[in-house]
Every structure is written in C-alpha cells, then in structure tokens.
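Visitor: Kindly return the folded structure for what I paste below:
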Amino acid sequence: MKILVVDDDHCMLKLYEFVLSSWRLNIEFSLVDNGCDAMRYLEVNSPDILILDLNLNDMDGREVIRFSQEKIQNQSTSIVVVSGMTMINTDNISNILDNVVLMLKPIDLTALLALATEKEAEKRKLDQISRNRT
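Guide: Presented below is the predicted three-dimensional model:
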C-alpha cells in the first residue's frame, strides 16, 4: 500500500515518518514538503492514501486535490485533508472529491491507523480476487 504525505511543516513530516514506520502494515510511504513535489509524485504514482495539509506554502491544498482527482488512476484513493484551521469550508472540499476525510490538527493518529488498516485489508482482498481470476 502506498501513502503520500504532503505537509510543509518539517516537524509534522518527521512525526508522520516516525508513526508510519512504526505501523505493522505493508506500506511504502513518501513524504513531500510542498504542492509542486506532490503533483510530480502524482504524475507517476497512485497512492492508496494521500495525507495532505490544506495550507501549503507554495499553493492551496485544494489545487493538489483537484490535480490528484485528474491524475490518480486508483479511484479508491482516500484523501485525508489535515488542517490547523478551526473553521474549514467543508463544502469547498467535499465538492472537489467525495473520498475526502477531514482531520483537524493535532491529527488523530488512531483514526489514521484505522483508515490505513482498512485500506490495506481492502487492497489484500482485491489482490486475492485478482489472483483467483487468473
């Protein structure tokens, strides 16, 4: 399972790196600190989970969401929008993509792990179905 984390806060990236490394899941993750690098990643990769800070230094996180919607081949990608803002205009985000989970900082790591565990189980099930067909 692939996870892309996009956050311009280097302390948050270190936290994500520590947490994701500690999970006993079959994941590979990439960490980027700006929207441009996220878009470059999405040009050639389809993550199962995209964790995205909404307020990036170089662009609005909504631009990354729109771009991912166009580029990601895996339509079951879960997008976790993380923000430190207490007031998020959820209409603007939910109109962009249905598969968006909103989390306020500090992020609920237990909920994030539950999402990742669910995605991994879903991926294993799809892989098994694919193998049974061949």
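
Visitor: secondary structure element for the spatially closest residue to residue 71 that is not a sequence neighbour?
Guide: What sits nearest to residue 71 in space, not counting adjacent residues and going by C-beta to C-beta, 6 or more residues apart in numbering, is residue 42, at 4.8 Å. (Glycine included, C-beta is placed from N, CA and C.) For residue 42, the element it lies in under DSSP states H and E is helix 35-44.

Visitor: avg pLDDT for stretch 112-128?
Guide: When pLDDT is averaged over stretch 112-128, the result is 92.

Visitor: Which positions in it come out as buried?
Guide: Of the residues in stretch 112-128, 112, 113, 115, 116, 119, 120, 123 count as buried by neighbour count, 16 or more other C-beta atoms under 10 Å.

Visitor: Identify the residues contacting the residue nearest to residue 71.
Guide: 4, 64, 67, 68, 71, 72 (C-beta atoms under 8 Å, 6 or more residues apart in numbering).

Visitor: Repeat that for residue 115.
Guide: 49, 78, 80, 101.

Visitor: roughly how far is the helix or strand harbouring it from the heart of the chain?
Guide: Per DSSP H and E, residue 115 falls inside helix 109-133. Averaging C-alpha positions (C-alpha atoms, centre = their mean, to the nearest Å) puts helix 109-133 15 Å from its chain's average.
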